[in-house]
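**Q** Sequence plus predicted model, see below.
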Amino acid sequence: MSLISLRLPEELERLLAREAELAGRGRSEIAREALAEYLARRERERFLGEIARAARARGAAEALEMTEEALPLDNEALDLVEGNAVREAKAHHRARRKPRR
């Protein structure tokens, strides 16, 4: 594992130390987790920005269709990165009953 040194403003260091104490974890562990979440969010924002640029280049109707297709996949990927369980969507239809005789 690499070592990185950085300077934190006193208030940020105080908040980090408090969170570490409350969570019963090390400051480095919390900082690593926060950095990983930040970098994943930035990557996601860049990805969505690319989708938006491509969609605008194709036109409004096609842009809407592309974003509607990408949103569920993006949400599922975000859930996986965040460690949330991915659940199958429940069906919203009911089988027709046979008429009674």
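**A** Yep, it's here. Numbering: from 1, shown residues only.
**Q** How much space separates A61 from L8?
**A** Note on A61: its distance to L8, by C-beta to C-beta, to the nearest Å, is 48 Å. Any C-beta I mention is one placed from the backbone N, CA and C, and that applies to glycine too.
**Q** So for the two, which sits in the more crowded spot?
**A** Neighbours were counted for A61 and for L8 using other C-beta atoms under 10 Å; L8 has more, 13 against 8.
**Q** ok, now which ones touch the more buried one?
**A** L8 makes contact with L16 under the criterion C-beta atoms under 8 Å, 6 or more residues apart in numbering.
**Q** Distance-wise, check E21 relative to L15.
**A** Per C-beta to C-beta, E21 is found 11 Å from L15.
**Q** Same drill for the two, tell me which one is more crowded.
**A** Neighbour count, other C-beta under 10 Å: between E21 and L15, L15 has more, with 13 against 10.
**Q** where does this protein have low pLDDT?
**A** 60, 63, 67, 72-82, 84-101 (pLDDT under 70).
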